[in-house]
Each structure stands twice: as C-alpha cells, then as structure tokens.
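[1] sequence and predicted structure, then a few things I'm wondering about:
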Amino acid sequence: MLILNTLPVAATVKAIVQENEQVKTFVLDISVGAQPGQFVMVWIPRMDEKPFSVAMDNGKELHLAIADVGPFSHAMHQLKVGDQVGVRGPFGTEFTCEKGQHLAFLGGGYGAAPLYFFAYKAVAMGCTVEFVVGARRKDLLLYTEKAKQLKGVNVHVATNDGSEGFEGFNTVLLEKVVTEATDIDCIYTCGPEIMQLKAAELAVRENVEAQISVERYMKCGFGVCGNCCVDGSGVPSCVEGPVMPLKKVLELRDFGKYHRDKVGHKKYF
C-alpha cells in the first residue's frame, strides 16, 4: 500500500527570514503535521532532494531553518517568495516530555531551531525549559530572541569569543545549568555530534534521562535505502531516529566517533 507522505507535495515559499549570515528561515504555505524533532525531505526539481529538521509546524505553515553550507542549501538560499519546492514527510521520531517537567535543552549551530519548536510545545504543557544555545560569536546565534519570548523558557547563551553570554563552549554552560538546578528531568540536544556526546556523558554522570537527535546521511526518509543505518544496532536513523533515548544512543558504535557519507565511507569527527 502506498504511504502518502512518501510522495512530494507542492509548497510555496510564503516568507523568508534572514536569521544570520548563514541561516534563512523559509516559511512554506503548508502544514504536514510535523512534531518537534521530526524532519521533512525538500525537493527542488532538476536539482536534488535533502532532509531538513522542522523549525515550526503550527498547523498552517511549515518553517525550515536552512544554513547555506552546500550546493542544495545554496540553491535554497537563492529562492524567492512565491517560488515552489516539493515536500515529503514528516519522517522520524520526535522529542517527548511529560506535563510540568523541568527540561534542559542544548542546541548548537542550526540545531537550536528544532529545539525552539519543542520549547514552544513543552511550555504549553506547563514545562520549564532551560534553553542552552551556543555559537562561535554573537551574530551567529540562532532563535535565541524567539526563545526568550516564550513564557517558561530561560535562555542561556554561550559564545566561543565571549561576545555574548558565557565565554566558552555551551556544553560547559549546560553542565553548570544542570548541576545548579538539581531537578532536571531530561536533557535534549540537537546539533554537532561531539557536542551531543558531551551532553550524553553529562546525563550519565548526573543520572538524568536524555533524548538525542542522531543525524545520519538520509536519502529516502522511510527506511528503504539503508544509507542512514547506524553502526551497532544497524537500525535506520530515519525511522528509529533521529531522536533517540540515551540508552539506545549509548549502544551505537559510531556515535561521537564517525558517520558515513553518501557512499558509506567512514568520516571521523
């Protein structure tokens, strides 16, 4: 039987927001019912198709925060309001929490965008969120101002050069936040994998649950191609992930060490 979300639907670019020198948020005129942590496949005809985490799906619009880092994302950055792309999805697992919990988020680079989406959902459930985000410098921070507008979210900023907030790595700031709070129920992280590894190690030391977005090279989005299978369990991260609980992540042989490129070659971090 045909699974409908494996087929692309046409979406029109409704608005484009320049977040910083690298990232634009594309507002599309559709909703795919995505939940925080899930991703969609975006198709530019005659170009390519790539996966992107969802920065917001409010039932009317789909927001995607996309960094200009390669040929496809560069082509996205050339789009204008009124242009169309194809969208498939949503795919993958989502971040989850329970009502009234105290949560710690760790976002690096453009990983802050899907965590903002989750913060938006979590505070509606009465949760308190410690939103820890980092960047090399102040002008590369992403979605911090949006997060500050959410009641119940405490934003903690780290920059490598000290141009805003804590000077140093956001993982060091996360440890400070978690140990001082003493009542964190779960750590959530999205972004560079070495950063996520540090968050996982902190969760183990502090005996705190964690949910980690494990990104691998995804081609199909629904477990057919096998390109995103993780070493250790062998499961496709597009189906069993990208969001995985700490216990499952600790079983992965490749986590924090290497990932595989589009032809399966190991690329060490």
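    That came in fine, so what should we check first?
[2] use CA for all of it now, contacts and neighbours both
    Noted.
[3] okay, strands next: where are they in the stretch 1-150 of the chain?
    Ranges of strands within the stretch 1-150 of the chain are 9-18, 23-28, 39-44, 48-53, 56-57, 62-67, 84-91, 102-108, 128-135, based on DSSP state E, counting those that start in this stretch.
[4] residues near the nearest residue to residue 103 once chain neighbours are set aside, how many?
    Counting by C-alpha to C-alpha, 6 or more residues apart in numbering, residue 103 lies nearest to residue 129, which is 4.9 Å off, once chain neighbours are set aside. Neighbour count of residue 129, defined by other C-alpha atoms under 10 Å: 25.
[5] which pLDDT value goes with residue 129?
    Looking at residue 129, its pLDDT is 98.
[6] relative to residue 191, which of the strands of the stretch 1-150 of the chain is closest?
    Relative to residue 191, the nearest member of these by C-alpha to C-alpha is strand 102-108, separated by 4.8 Å.
[7] from residue 239, how far out is the closest residue to residue 140 other than its chain neighbours?
    Of all residues not flanking residue 140 in the chain, residue 20 sits nearest, at 5.8 Å (C-alpha to C-alpha, 6+ apart). Taking C-alpha to C-alpha, to the nearest Å as the measure, residue 20 falls 31 Å from residue 239.
[8] go on, residue 82?
    Separation of residue 82 from residue 239 (C-alpha to C-alpha): 32 Å.
[9] among the two, which residue is more densely surrounded?
    Each of residue 82 and residue 239 has its neighbours counted (other C-alpha under 10 Å); residue 239 has more, 17 against 13.
[10] now name the helix or strand holding the more buried one.
    Using DSSP states H and E, residue 239 sits within helix 237-240.
[11] contacts for that helix next, please.
    91-93, 214-216, 218, 221-223, 228-230 (C-alpha atoms under 8 Å, 6 or more residues apart in numbering).
[12] what does stretch 185-203 give?
    Contacts of stretch 185-203 (C-alpha under 8 Å, 6+ apart): 95, 101-112, 114-115, 171, 174-175, 208-214, 246, 255-256, 269.
[13] now render the strands of the stretch 1-150 of the chain as CSV, adding distance to residue 147.
    Conversion of the strands of the stretch 1-150 of the chain to CSV gives the following (distance: least, C-alpha to C-alpha, whole Å):
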stretch, distance to residue 147
strand 9-18, 16
strand 23-28, 15
strand 39-44, 20
strand 48-53, 17
strand 56-57, 12
strand 62-67, 14
strand 84-91, 23
strand 102-108, 11
strand 128-135, 8
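[14] how deep is residue 27 tucked in, by neighbour count?
    22.
[15] ok, now residue 181?
    Around residue 181 there are 12 residues (other C-alpha under 10 Å).
[16] dihedrals phi and psi, it?
    phi -70, psi -40 (degrees, to the nearest 10).
[17] look up how far residue 54 lies from it.
    For residue 181, the distance to residue 54 equals 29 Å [C-alpha to C-alpha].
[18] so which residues of this protein form helices?
    For the chain, the helices defined by DSSP state H cover 71-77, 112-124, 144-148, 170-181, 193-206, 237-240, 246-249.
[19] export those helices as JSON lines, with columns for distance to residue 133.
    JSON lines is the format used below for the helices of the chain (distance: least, C-alpha to C-alpha, whole Å):
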{"stretch": "helix 71-77", "distance to residue 133": "23"}
{"stretch": "helix 112-124", "distance to residue 133": "7"}
{"stretch": "helix 144-148", "distance to residue 133": "8"}
{"stretch": "helix 170-181", "distance to residue 133": "6"}
{"stretch": "helix 193-206", "distance to residue 133": "11"}
{"stretch": "helix 237-240", "distance to residue 133": "24"}
{"stretch": "helix 246-249", "distance to residue 133": "20"}
